[in-house]
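Asker: Give me a model of this one.
(one chain, ligands or ions: 2)
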Amino acid sequence: MTTPRATNGHNGFHSESEPDSPSTTSTSGSEASINDLTNGTSSLRLNRRRNMVRKKSSPMMPAFMVSAPGKVIVFGEHAVVHGKAAIAAAISLRSYLLVTTSSKSKRLVTLTFPDIDFNHAWNIDELPWSIFSHPDKKKSYYDLVTAIDAELVAAIQPYVADVSPDKPSDIRKIHQNSAGSFLYMFLSLGSQSFPGCQYTLRSTIPIGAGLGSSATIAVCLSAALLLQLRTLSGPHPDQPHEEARIQLERINRWAFVYEMFIHGNPSGVDNTVSTQGKAVVFQRTDYDRPPAVRPLWDFPTLPLLLVDTKVAKSTKNEVDKVARLKHAHPKLVGSILDAVDKVTQTSADLMEEDDFDAESEDSLRRVGELMTINHGLLVSLGVSHPRLERVRELVDHQGIGWTKLTGAGGGGCSITLLKPGVSREKLDTLEEQLDREGFGKFETALGGDGVGVLWPAVLKNGMDEDHEGGMEIDLEKFLSAEGNEGVERLVGVHGGVGEREGWKFWRVES
Ligand SMILES: Nc1ncnc2c1ncn2[C@@H]1O[C@H](COP(=O)(O)OP(=O)(O)O)[C@@H](O)[C@H]1O
Ligand SMILES: C[C@@](O)(CCOP(=O)(O)O)CC(=O)O
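Answerer: Ligands and ions are numbered 1, 2, ... in the order given. Model prediction:
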């Protein structure tokens, strides 16, 4: 567990437009977090005084945004749920969350997820705060929560039950799951004095395709809530790496809670890579302790083709399937999982070798062979799908690379490592075939930034209507941006025009 850091006057979110930002204390958070953060009564008094000043000068937080990337698992999915290692890398497809605060008298907290046609508001004063703030249950922002509490889930049930009553039951279930996971995190972290606010999310990541869409929502909501509670410091460009790492760990811990609610038994690899970005070797051997996460700083720029089968899958179902198989054949499935682990470790070693060259045929062939083996092992665990096998068949037929499923399988996406020097003609033939057969194709760079913050929600460059002082992103603009391109153009961390001025990231690279 991370020890809570004492206040140093430089915590809290740093922003030019926020008159009194440097503080660790919570204007809207619980008393517990004030006590946890301060070193004795004098600093407590000082912080209370700061809060009073802030309340007078800045009664409402400015609208702000948070963004988190999707991921591909390059090696080790499923085995990672059973304590083995996995390698995952952030991709350039991202989710974007706009947080708008209402005036004090408005007591609604609203969740707006237009991508899944979900919108719901709750009266903050009617939520079950008493059970969540009971001393036996109350969690702090820095706690490591490793299990979902059944009593707390029961307490939020009445608030989830009336969500989307007119939707078909399968859609309703998804909405209720979103509502439940959000309320669980909101009630665990917040307090009744929380201001009315709206969380609006748009994503460029295909949903349920194995690219970690749910983890990006978990990361965005976790970061947003922790920022609202003023329990995070930065991000700012000169922030020491160790301090940045602590902030990321806090975000990641609560993102994991959200994922546990959605998926039941996640490994945590998705939320970890979405939080910290780039590429990592991830392993969680003991669920009561934080996972071992080793960043791969020099992760090679692998020539990857990402194909979407457009077959929807459920991560929970696929994970349950493997658990059942393991239960039925413990030794056999145990050996398969061990073999996946070996593949992952071998690949990590290989890619970290000094003479590994992402453009050389020999280096790529060795990684490619490991991908083929990993896919074969996943097939034996029963998590492939005929459409995934079809992609593999088409790629193999052209002889242009090595393919494996990525993520939970059962549909979703595959990745193909392309051989160097593949002719344009062969690639075109493959792409035409994929197109004809209804597959989707993504171009995405691997190893991008993790969670980012735009505070306030004002961008300084990138759009036509940009003018001096920047362009404010309001709810209307955000909701009316057309499709993925519109979202990227409006608020994208790169926006197709290179690094966007305004977005900031916690950087831990040494
Ligand atoms: N854009 C989105 N808006 C709202 N909820 C989303 C969005 N994308 C994903 N989700 C949530 O995540 C779930 C999909 O998660 P999961 O099955 O793990 O797929 P993935 O492989 O994409 O992470 C959805 O059912 C929904 O609850
Ligand atoms: C199958 C698994 O290893 C990865 C799931 O990824 P996704 O939800 O399909 O993006 C599950 C996990 O790691 O929690």
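
Asker: residue in the stretch 251-400 of the chain nearest to ligand 1?
Answerer: Across the stretch 251-400 of the chain, the shortest distance to ligand 1 (CB to the nearest ligand atom) belongs to T315, at 3.8 Å. Any C-beta I mention is one placed from the backbone N, CA and C, and that applies to glycine too.

Asker: so what pLDDT did that residue get?
Answerer: pLDDT for T315: 91.

Asker: And for D166?
Answerer: pLDDT at D166 comes out at 94.

Asker: hang on, the earlier thing: which residues does the residue lying closest to the residue of the stretch 251-400 of the chain closest to ligand 1 once chain neighbours are set aside contact?
Answerer: Leaving aside its sequence neighbours, T315 sits nearest to A408 (CB to CB, 6 or more residues apart in numbering; 4.2 Å). By CB atoms under 8 Å, 6 or more residues apart in numbering, the contact list for A408 reads 77-78, 210, 313-315, 318-319, 383.

Asker: thinking again about what came up before, surely the residue of the stretch 251-400 of the chain closest to ligand 1 is in contact with H263?
Answerer: Yes. Between T315 and H263 there is a contact under CB atoms under 8 Å: 5.5 Å.

Asker: name the element D428 belongs to?
Answerer: Secondary structure assignment for D428, by DSSP states H and E: helix 424-436.

Asker: quick one: the strands in the stretch 101-250 of the chain?
Answerer: 108-113, 118-123, 197-203 (DSSP state E, counting those that start in this stretch).

Asker: by contact count, what packs against the last one?
Answerer: Spelled out, that is strand 197-203. strand 86-101, strand 108-113, helix 213-228, helix 475-480 (3 or more CB pairs under 8 Å, 6 or more residues apart in numbering; DSSP states H and E).

Asker: Check what contacts the helix or strand harbouring G334 and list those residues.
Answerer: Under the criterion of DSSP H and E, G334 resides in helix 330-352. Helix 330-352 is contacted from outside by 74-76, 78-79, 82, 84-87, 281, 294, 296, 298-300, 322, 325-326, 356, 363, 366-367, 370, 373-374, 377-378, 380-381, using CB under 8 Å, 6+ apart.

Asker: Also stretch 238-248?
Answerer: Stretch 238-248 is contacted by residues 2, 5, 232-235, 275-276, 450-451, 506-510 when judged by CB under 8 Å, 6+ apart.

Asker: Most neighbours of all those, which one?
Answerer: T275 (32 neighbours; other CB atoms under 10 Å).

Asker: what's near enough to touch it?
Answerer: T275 neighbours (CB under 8 Å, 6+ apart): 68, 219, 248, 251-252, 255, 450-451.

Asker: and what of R284?
Answerer: 80, 83, 267-268, 291-292.

Asker: What pLDDT is listed against it?
Answerer: pLDDT, read off for R284, is 94.

Asker: do you know how far it is from ligand 2?
Answerer: In this view, R284 and ligand 2 are 9 Å apart by CB to the nearest ligand atom, to the nearest Å.

Asker: Grab the nearest non-local neighbour of that residue.
Answerer: Distance criterion CB to CB, 6+ apart; nearest residue to R284, sequence neighbours excluded, is P291 at 3.8 Å.

Asker: what do you get for G412?
Answerer: In space, G412 is closest to G210, 3.3 Å off (CB to CB, 6+ apart).

Asker: I figured that neighbour hits G407, correct?
Answerer: Yes. Using CB under 8 Å, G210 is in contact with G407, at 2.2 Å.
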